[in-house]
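Asker: this one's structure only:
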């Protein structure tokens, strides 16, 4: 059964793209979770609907249209929290509601929901194109490169922003780049799990890793491994049982989270330092 499953080219391409974007989302999610910005993925995912609806209305590529839209929205969230002193969760809620409302309006103007839009809403990993798989590879390369070259800056800005500023670290720049890269990851992830489930791909693997890890570096690599494993097992289950791949991927991640929680409660390591 497994050999038959892996023999299809579209399955191989979907697994490759899904693994790349899941690893990227998990690594970025570690920093977002620790900075208490994990729900920004949920806000960005709702804004994705605006980008996808506009792209389908204009007969353009949804990825290329959604990236600038979501990036602008994520920067808008940061500006709301800084300039108007609005709490982060409130700013995310405002931008999320605006993105979802505009997206639904554009969808109505375009004639309502169709098969293409539904695929983006609920995920369609087996329809990932070669170009999208390449973009997922570029994204992971950027994330890994950032971790390799700016690891100290990222961790300092993540755990203690005032101390990072005293060391001369441009915390604002670090946060801005983190948000923009996350927005790109969110856009690429809507083919994997769907717009409505993207935030789960960002939040669940890091939380699972935090429960069972001893060091921060272990959190990063375990989060990536959990994310990638969720894609492989989830897609396989969707193939065998003929169920939606996006939901299957997230359910597998939830099972991993439950196992990590039980491990921590029974005296597992946990509490990364």
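Answerer: Yes, it's here. No experiment lies behind these values; they were computed from the predicted model shown.

Asker: rest of the way, CA atoms for contacts and neighbours
Answerer: Fine.

Asker: Low-confidence ranges, the stretch 101-250 of the chain, go.
Answerer: Under the criterion pLDDT under 70, the flagged ranges of the stretch 101-250 of the chain are 110-119, 122.

Asker: Which parts of it are helices?
Answerer: Remark: helices assigned in the stretch 101-250 of the chain by DSSP state H, counting those that start in this stretch are 115-122, 130-149, 151-159, 161-166, 171-189, 198-212, 216-241, 245-265.

Asker: Remind me what the second one packs against, helices and strands.
Answerer: Applying 3 or more Cα pairs under 8 Å, 6 or more residues apart in numbering; DSSP states H and E, we find helix 130-149 packed against helix 9-34, helix 171-189.

Asker: now residue 205: how far from residue 250?
Answerer: Using Cα to Cα, to the nearest Å, residue 205 is found at 10 Å from residue 250.

Asker: re the thing from before, output the helices and strands packed on helix 130-149 as a markdown table; include the columns distance to residue 262.
Answerer: Listed next are the helices and strands packed on helix 130-149 as a markdown table, based on distance: least, Cα to Cα, whole Å:
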| stretch | distance to residue 262 |
| --- | --- |
| helix 9-34 | 20 |
| helix 171-189 | 29 |
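
Asker: can you tell which of these is closest to residue 266?
Answerer: helix 9-34 (23.5 Å; Cα to Cα).

Asker: Please identify the deepest-packed of the helices of the stretch 101-250 of the chain.
Answerer: The highest mean neighbour count among the helices of the stretch 101-250 of the chain, using mean count of other Cα atoms under 10 Å, belongs to helix 198-212: a mean of 26.

Asker: Identify all contacting residues around that one.
Answerer: Contact partners of helix 198-212, identified using Cα atoms under 8 Å, 6 or more residues apart in numbering, comprise 22, 25-30, 33, 38-42, 45, 186, 189-190, 193, 218-220, 222-224, 226-227, 250, 253-254, 256-257, 260-261, 263-264, 268-272.

Asker: That helix vs helix 171-189, what angle?
Answerer: 120 degrees (axes from the mean of the first three to the mean of the last three Cα atoms, to 10 degrees).

Asker: Tell me the gap between helix 198-212 and the middle of its chain.
Answerer: 10 Å (Cα atoms, centre = their mean, to the nearest Å).

Asker: before we move on, what about stretch 16-32?
Answerer: 6 Å.

Asker: now do stretch 7-20
Answerer: With Cα atoms, centre = their mean, you get 18 Å for stretch 7-20.

Asker: So residue 126 sits against residue 10, correct?
Answerer: Yes: between residue 126 and residue 10 there is a contact under Cα atoms under 8 Å: 5.7 Å.

Asker: Looking at those two, which is more packed in?
Answerer: Shown here are residue 126 and residue 10; by other Cα atoms under 10 Å, residue 126 has more neighbours (20 against 16).
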